[in-house]
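Student: The following comprises the amino acid sequence and a computationally predicted model.
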Amino acid sequence: MKEIIRFFKWVEGMAMAMAVASLFLMMAGISIDAAGRYFLGLPLEGAFEFTELYFMIIVVFMALPDSYSSGTQIQLDIANKYLDILPGRLLERAGLLIAASVLGLMSWYSIDTAIEKFADSETAFGSIQFRLDWSYVWVPIGTSLLTLRLLLRVLFLEPVDGSQDG
């Protein structure tokens, strides 16, 4: 059990590292584009499109599982002290199962969309024609990781790290 959770935390850490790297690259690309555009009259071609279609999606979806497990997402725990009287924390498990089901469906449909985009080999419009299919990969990866995180929590009910008020 602990090995599974430890491995999954490592996977979450790698996904978060990818999100952080994407955030840094997004910031650098936008800064270089703005400096080039306003000071040199030479914008960085494709910076806006690449930021919009790749970096922002990676930042949002790859950070989902780690931000949940670290407790930095919003949590409504007003009624927890009243619901803890139920055996086995059934209500918490039911809520996690519902959330995992919705995210699982989102993963399923986004995987289908990603496969379609890879089959079509779409490219972006504009002066730089980069492939769009890779921008559809990050949604199913991020939502699938969060779905697995929620299911692990249902099975093992390990505490969320940042559950304190702050």
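Tutor: On my side now, so go ahead. All of these numbers come straight from a predicted model, not from anything done at the bench.

Student: dump the residue contacts of L157.
Tutor: Contacts for L157 (Cβ atoms under 8 Å, 6 or more residues apart in numbering) come out as R89, E92, R93. Glycine gets a C-beta too; all of them are placed from N, C-alpha and C.

Student: Swap in 7 Å and give it another go.
Tutor: Residues near L157 by Cβ atoms under 7 Å, 6 or more residues apart in numbering: R89.

Student: how close does it sit to E92?
Tutor: Distance of L157 to E92, given as Cβ to Cβ, to the nearest Å: 7 Å.

Student: One more: S70?
Tutor: Distance, S70 to E92, by Cβ to Cβ: 18 Å.

Student: Closest to the centroid, which residue in this protein?
Tutor: Nearest to the geometric centre of the chain sits F61, at 1.9 Å (Cα atoms, centre = their mean).

Student: Could you check the pLDDT of it?
Tutor: Note on F61: pLDDT of 94.

Student: Skip the chain neighbours and tell me the closest residue to it.
Tutor: G142 (2.8 Å; Cβ to Cβ, 6 or more residues apart in numbering).

Student: before we move on, which element is the one you found in?
Tutor: Using DSSP states H and E, G142 sits within helix 138-156.

Student: what does the average pLDDT come to for that helix?
Tutor: Here the average pLDDT along helix 138-156 is 92.
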